[in-house]
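> I need the structure of the sequence given here:
(one chain, ligands or ions: 1)
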Amino acid sequence: MVVHAFGQTADMDPIMKIAQAHRLKVIEDAACALGAGYRNLPAGSIGDIAAVSFHARKNITCGEGGAVLTNNQKYADRVRSLSCFGIKPAYQRQHKFEIPSFRSLGYNYKLSDINAAIVIAQLKRYPSLTKRRLALVKIYDTLLKECPYLTVPFHPKAAFHVYQTYAVVLKPAIDRNKLILSLREEGVETQIGTYSACIQPVYHSTDRCPRSLYLYRHSLALPLYPGLAENDVKTVAHKLKEHIYRQVKRK
Ligand SMILES: Cc1ncc(COP(=O)(O)O)c(C=O)c1O
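I've put the predicted structure just below:
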């Protein structure tokens with residue numbers, strides 16, 4: 001299972017090669033990557049099956065929920081049935097009278113019609129919403145790339161990044177958590193960029209994942225949404241640098 005983190009696809013060529021060599025199925029976690037691409041393929045169409053998320057922090061949202069993408073009819077039927085108590089969903093029975101039977105233990109994971117309508121309306125606007133995000137990203141990149149205390153996101157040529165998150169990675173000299181708090185006092189809401197699974201108590205993991213830990217400790221997600229004004233992006237970038245330099249001066 002590969003994760004297309006922050007709206008940028010993983011490097012899929014080597015992953016698909018390994019999968020083919022070992023006859024493995026590939027699941028794409030495209031929660032953040034609706035509309036993203038790898039070479040000329042859309043995220044979610046490269047592996048065997050994928051999921052996208054419509055959670056509130058995603059590029060298209062109806063509050064919660066998501067969708068499964070696959071071109072495999074067997075998987076599609078199974079997912080539909082599992083999301084609907086293990087029976088054939090009502091819309092597949094609408095043209096004939098059929099009393100369904102419960103063939104497996106399913107769930108109640110249906111996206112409601114109301115939520116679906118909200119998503120469909122946004123899908124129509126998705127190209128313009130994405131364009132706007134990318135324009136704001138350009139401003140962040142321009143204003144932040146010269147700052148020696150952070151690294152801006154890397155965009156590989158093979159990927160079309162839809163920037164569900166714009167996260168910078170701070171140099172260890174900067175106290176990320178203090179930075180979040182001091183920016184918050186000025187009305188600038190930032191967040192940790194990502195978690196590290198290897199230290200989450202639930203996994204009882206003995207794995208050591210130094211890069212994952214590094215990103216957990218030093219990454220910082222900046223505000224990004226299509227309704228954000230360009231001037232606000234500039235203010236965030238300036239405040240971020242100001243607060244970083246304040247920390248550096250104190251040391
Ligand atoms: C990479 C990734 N996978 C899965 C999820 C979970 O998606 P959902 O909240 O729709 O279950 C998220 C975010 O919430 C995510 O960022």
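> And the longest helix along the chain, what does it pack against?
Identified as the longest helix of the chain according to DSSP state H is helix 230-250. With contacts defined as 3 or more C-beta pairs under 8 Å, 6 or more residues apart in numbering; DSSP states H and E, helix 230-250 has these neighbours: helix 126-144, helix 176-185, strand 219-222. Where C-beta positions appear, they are placed from N, C-alpha and C, glycine not excepted.
> Which among those is found nearest to the ligand?
Of all these, strand 219-222 sits nearest to the ligand, with 11.1 Å by C-beta to the nearest ligand atom.
> can you give me how far the closest one is from the chain middle?
13 Å (C-alpha atoms, centre = their mean, to the nearest Å).
> Enumerate the positions of it that are buried.
Neighbour counts using 16 or more other C-beta atoms under 10 Å place 219, 220, 221, 222 of strand 219-222 among the buried residues.
> Chain neighbours aside, what residue packs nearest to residue 172?
Using C-beta to C-beta, 6 or more residues apart in numbering and skipping residues adjacent in sequence, the residue nearest residue 172 is residue 218, 6.4 Å away.
> Would you mind listing the residues in contact with that neighbour?
Going by C-beta atoms under 8 Å, 6 or more residues apart in numbering, residue 218 touches 169, 170, 171, 172, 174, 176.
> Could you save the buried residues of strand 219-222 as JSON lines and add columns showing distance to the ligand and pLDDT?
Formatted as JSON lines, these follow (distance: C-beta to the nearest ligand atom, whole Å; pLDDT from 0 to 100):
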{"residue": "219", "distance to the ligand": "13", "pLDDT": "98"}
{"residue": "220", "distance to the ligand": "16", "pLDDT": "98"}
{"residue": "221", "distance to the ligand": "11", "pLDDT": "98"}
{"residue": "222", "distance to the ligand": "16", "pLDDT": "98"}
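> contacting residues around the residue nearest to residue 247 when sequence neighbours are not counted?
Spatially, and ignoring its direct neighbours in sequence, residue 247 is nearest to residue 174 (5.8 Å; C-beta to C-beta, 6+ apart). Each residue near residue 174 by C-beta under 8 Å, 6+ apart is listed here: 149, 150, 218, 244, 247, 248.
> Spell out which residues of the stretch 51-200 of the chain are next to the ligand.
For the stretch 51-200 of the chain, the residues in contact with the ligand (C-beta under 6 Å from any ligand atom) are 53, 55, 66.
> what about burial for those, which qualify?
Looks like those have 53, 66 buried, using 16+ other C-beta under 10 Å.
> Would you reformat the residues of the stretch 51-200 of the chain next to the ligand as JSON lines and include distance to residue 79, secondary structure and pLDDT?
Shown next, in JSON lines, are those (distance: C-beta to C-beta, whole Å; DSSP: H, G, I helix; E, B strand; the rest coil; pLDDT from 0 to 100):
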{"residue": "53", "distance to residue 79": "15", "secondary structure": "strand", "pLDDT": "98"}
{"residue": "55", "distance to residue 79": "18", "secondary structure": "coil", "pLDDT": "97"}
{"residue": "66", "distance to residue 79": "11", "secondary structure": "strand", "pLDDT": "97"}
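> ok, so of the residues of the stretch 51-200 of the chain next to the ligand, who is nearest residue 197?
Residue 197 has its nearest neighbour among those in residue 53, at 17.3 Å by C-beta to C-beta.
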